[in-house]
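Undergrad: I'll drop the sequence and a predicted model, then ask my questions.
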Amino acid sequence: MDRNRDKNFLLCLHDLNVKNFGDISLKIKKIADVAGCSFSLAVVPSTEEVEDNLKAEFKSVLKDLQTSGFELLLHGTEHKADLSLCRSAFGKIALKLTNNEAEFAGLLEKESLALLAKSLQFWNDLGFENSECFVPPAWYGNPFLKSQVLSRMKRYEARSYVFSKKASGVKSVFSPALSFAGIPRWVEKIAIAYARFVLSQPLGIPRLVFHPVDFEVLGEENILELVRNACSKRCIVKYASL
Ligand SMILES: [Zn+2]
């Protein structure tokens, strides 16, 4: 093994939400067993239109995960765009590319702030005050979002960087996202090879990101093998350490 204790990576499972947490709990456990430790989970906080008992169960599962050492990141608001809001041309393209999931993409300042406030309200309703990081869905934001987030919490994650608020200013960490959701099937093998290559290079703190859909598309064995491979080359770190 060429595991190098100086080389780190972030491992994150995205899109944990009130509707899928039951199915995902087992997948989280399988990844943690292979990784040998807890990791980061990007949680969609909306619990609108669900029954109170399901919301209570979701809260309890999230608390248990956090108590077991998993790091919970705040991942958008609804993870679905409000199509009635005004957006830039870039935002409209981002919506097309993400099946309308990039809810913050290209929003104007006021609308972006209102959507972020709603996300934080949902987060508080789930019993959490702060999150180590805010991750906009599909990493599409707008010119205002980063500063809006950093004036309210510690970190903001963009597609290739994580920005952390420090006493001395904002620190940026190069963190290329190695993600597989939404890629055409014929690119899968290339994407896996690319992820293995990036993880083997002495470059930044790469982010190995999985989505629930990857278990159906990439397959569980490929996911666990990627985690195994990454852990043989680098050590898992949490956002809190950046
Ligand atoms: Zn997402």
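TA: Received, thanks.

Undergrad: what segments of the protein are helices?
TA: 21-35, 52-67, 89-97, 109-125, 145-150, 188-200, 214, 220-233 (DSSP state H).

Undergrad: just for this structure, where's the confidence low?
TA: 1-5 (pLDDT under 70).

Undergrad: make it 90
TA: 1-6, 48-49, 129-130, 181-189, 202-203, 216-217 (pLDDT under 90).

Undergrad: quick one on the thing from earlier: wait, which of the helices of the chain is closest to the ion?
TA: helix 214 (11.6 Å; C-beta to the ion). No exception for glycine: its C-beta is placed from N, CA and C like everyone else's.

Undergrad: quick one: the closest one to chain centroid distance?
TA: 14 Å (C-alpha atoms, centre = their mean, to the nearest Å).

Undergrad: flag every buried residue along stretch 205-213.
TA: I205, P206, R207, L208, V209, F210, H211, P212 (16 or more other C-beta atoms under 10 Å).

Undergrad: near the ion, which residues of the chain?
TA: Within the chain, the positions near the ion by C-beta under 5 Å from the ion are H14, D15, P137.

Undergrad: would CSV of the residues you listed with neighbour count be doable?
TA: Output for the residues of the chain next to the ion, formatted as CSV (neighbours: other C-beta atoms under 10 Å):
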residue, neighbour count
H14, 25
D15, 21
P137, 25
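
Undergrad: remind me, longest strand of the chain?
TA: The strand that spans the most residues within the chain, counting by DSSP state E, is strand 8-16.

Undergrad: now the angle between helix 21-35 and that strand, please.
TA: 170 degrees (axes from the mean of the first three to the mean of the last three C-alpha atoms, to 10 degrees).

Undergrad: follow-up on the earlier one: R228: which of the buried residues of stretch 205-213 is nearest?
TA: L208 (11.3 Å; C-beta to C-beta).

Undergrad: quick check: the closest one touching L10?
TA: Yes: under the criterion of C-beta atoms under 8 Å, L208 makes contact with L10 at 7.1 Å.

Undergrad: measure the nearest residue to K7 once chain neighbours are set aside to R196 for me?
TA: Distances taken as C-beta to C-beta, 6 or more residues apart in numbering place R234 nearest to K7, at 4.4 Å, with adjacent residues excluded. Per C-beta to C-beta, to the nearest Å, R234 is found 11 Å from R196.

Undergrad: and these two? Which one has more around it.
TA: For R234 versus R196, neighbours defined as other C-beta atoms under 10 Å are more numerous around R234 (24 against 15).

Undergrad: partners of the longest strand of the chain, with directions?
TA: Strand 8-16 has its sheet partners listed here by DSSP bridges as strand 40-43 (parallel), strand 207-210 (parallel), strand 235-237 (parallel).

Undergrad: which one of those lies closest to S60?
TA: Of all the strands paired with strand 8-16, strand 40-43 comes closest under C-beta to C-beta, at 13.6 Å.

Undergrad: neighbouring contacts of that closest one?
TA: 10-17, 28, 62, 65, 70-75, 126, 132, 135, 238-239 (C-beta atoms under 8 Å, 6 or more residues apart in numbering).

Undergrad: now do it: distance to the chain's middle.
TA: Distance, centroid of strand 40-43 to centroid of chain: 6 Å (C-alpha atoms, centre = their mean).
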